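S.K.: Need coordinates for the following:
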Amino acid sequence: MKQEMDDFLEFIKIEKGLSENTYISYKNDLDIYYEYLVANKIFDINNVKSKDIINFIEKYKDNNKTTTIAHKLTVIKSLHSYLYETKKIKENVAENIKRPKLKKVLPKALTHEEINKLLDIDLDTIQNIRLKAMLEMLYATGFRSSELLNLKMQDIDMVNYIIRCKGKGNKERIVPMSEVTLKYLKKYLEVRPMFFKKEKPSDFVFLSKRGTNINRTTFFKEIKDILIKKDINYNISPHSLRHSFATHLLEGGADLKSIQFMMGHSDISTTKIYTKIANSKLKDEYTISHPRSKRGN
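M.R.: I've put the predicted structure just below:
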């Protein structure tokens, strides 16, 4: 049974080209699923029944968010679908199990004032210079955090103000870079050699104190530290800047197809969610500003 799961993980990593973070999340969920099956004396994947999967989901429902449960079920359904299609199991017992309904929540986009407050960072340390460059680039490009952290020196064309980015499924896209972003990137590149720990420096743009590419944990901690320092009590993550990038572009008149390309969305319906955010903001502005929007008029 473990071998079948390992075969599936190898398939999604090599054939599907999933990112390292997605691969790890799939592996973690499958490890939990495997332990559950073994604990219930199921040692052959062909012996798994629909009720076993339902019982597994029920067990974790109380202590996890709906999105977490939905993800676990997605992983399990993908596993059984793969095994059935490759004839490693006789029946796809997960096929008709319905995913829990997720409440649709619009992503939070920061206001221009909130963006300015976040990006107003004192450039008094090399770590702050690095963080400033990273946050400016996130907001200016709409990169996912993994795309930013995996960026290499050869991906940046400072002459033409463009960055080549490898996104989900190793799909490459070209994203323009603003003068402001380039300004702070150059400031960082001036101090970047101070992060070198080896004779042969790393190709990654943003380096840790060990001279390797900075990891998610360090990056997220630095953001959290800057929020505390600035007394910002609303939640901000790298993804907040990605959402803000798309929303502010749309509010500024950019067309959906351009935003879709820059964000690396394979389906434009994913990008269309930002029209709802923009429309929601328009309604708020109307309610506040228009004299006929007041009740009783």
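S.K.: how about the helices of the stretch 101-250 of the chain, start to end?
M.R.: Using DSSP state H, counting those that start in this stretch, the helices found in the stretch 101-250 of the chain span residues 112-119, 126-141, 145-149, 179-191, 216-229, 238-251.
S.K.: So which of those is nearest residue 14?
M.R.: helix 145-149 (18.0 Å; CB to CB). Heads up, the C-betas are built off the backbone N, CA and C, glycines and all.
S.K.: ok, back up a step: how about the helices of the stretch 101-250 of the chain in JSON lines, adding mean neighbour count, distance to residue 21 and mean pLDDT?
M.R.: Converted to JSON lines, the helices of the stretch 101-250 of the chain look like this (neighbours: other CB atoms under 10 Å; distance: least, CB to CB, whole Å; pLDDT from 0 to 100):
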{"stretch": "helix 112-119", "mean neighbour count": "14", "distance to residue 21": "23", "mean pLDDT": "90"}
{"stretch": "helix 126-141", "mean neighbour count": "22", "distance to residue 21": "16", "mean pLDDT": "94"}
{"stretch": "helix 145-149", "mean neighbour count": "21", "distance to residue 21": "6", "mean pLDDT": "90"}
{"stretch": "helix 179-191", "mean neighbour count": "16", "distance to residue 21": "24", "mean pLDDT": "95"}
{"stretch": "helix 216-229", "mean neighbour count": "14", "distance to residue 21": "8", "mean pLDDT": "88"}
{"stretch": "helix 238-251", "mean neighbour count": "21", "distance to residue 21": "12", "mean pLDDT": "84"}
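S.K.: Show me which positions of stretch 158-168 end up buried.
M.R.: 163, 165, 166, 167, 168 (16 or more other CB atoms under 10 Å).
S.K.: residues in contact with the nearest residue to the third one once chain neighbours are set aside?
M.R.: In this case it means residue 166. Closest residue to residue 166 apart from its sequence neighbours, by CB to CB, 6 or more residues apart in numbering: residue 172 at 5.5 Å. Residues in contact with residue 172 (CB atoms under 8 Å, 6 or more residues apart in numbering) are 164, 165, 166.
S.K.: same deal with residue 139?
M.R.: 115, 119, 241, 244, 245.
S.K.: quick one, phi/psi of the closest residue to residue 29 other than its chain neighbours?
M.R.: The shortest distance from residue 29 to any non-neighbouring residue, by CB to CB, 6+ apart, is to residue 75 (4.4 Å). Dihedral pair for residue 75: phi -60, psi -50, per degrees, to the nearest 10.
S.K.: Give me the distance between residue 10 and residue 134.
M.R.: 32 Å (CB to CB, to the nearest Å).
S.K.: do residue 249 as well
M.R.: For residue 249, the distance to residue 134 - CB to CB - is 20 Å.
S.K.: I'd say residue 179 and residue 161 touch.
M.R.: Yes - at 7.4 Å, residue 179 counts as touching residue 161 under the criterion of CB atoms under 8 Å.
S.K.: Need the residues that contact stretch 20-32.
M.R.: So stretch 20-32 is contacted by 5, 8-9, 12-13, 18, 60, 71-72, 75-76, 78-79, 146, 168, 216 (CB under 8 Å, 6+ apart).
S.K.: 6 Å - rerun?
M.R.: Here stretch 20-32 makes contact (CB atoms under 6 Å, 6 or more residues apart in numbering) with 5, 9, 13, 72, 75, 146.
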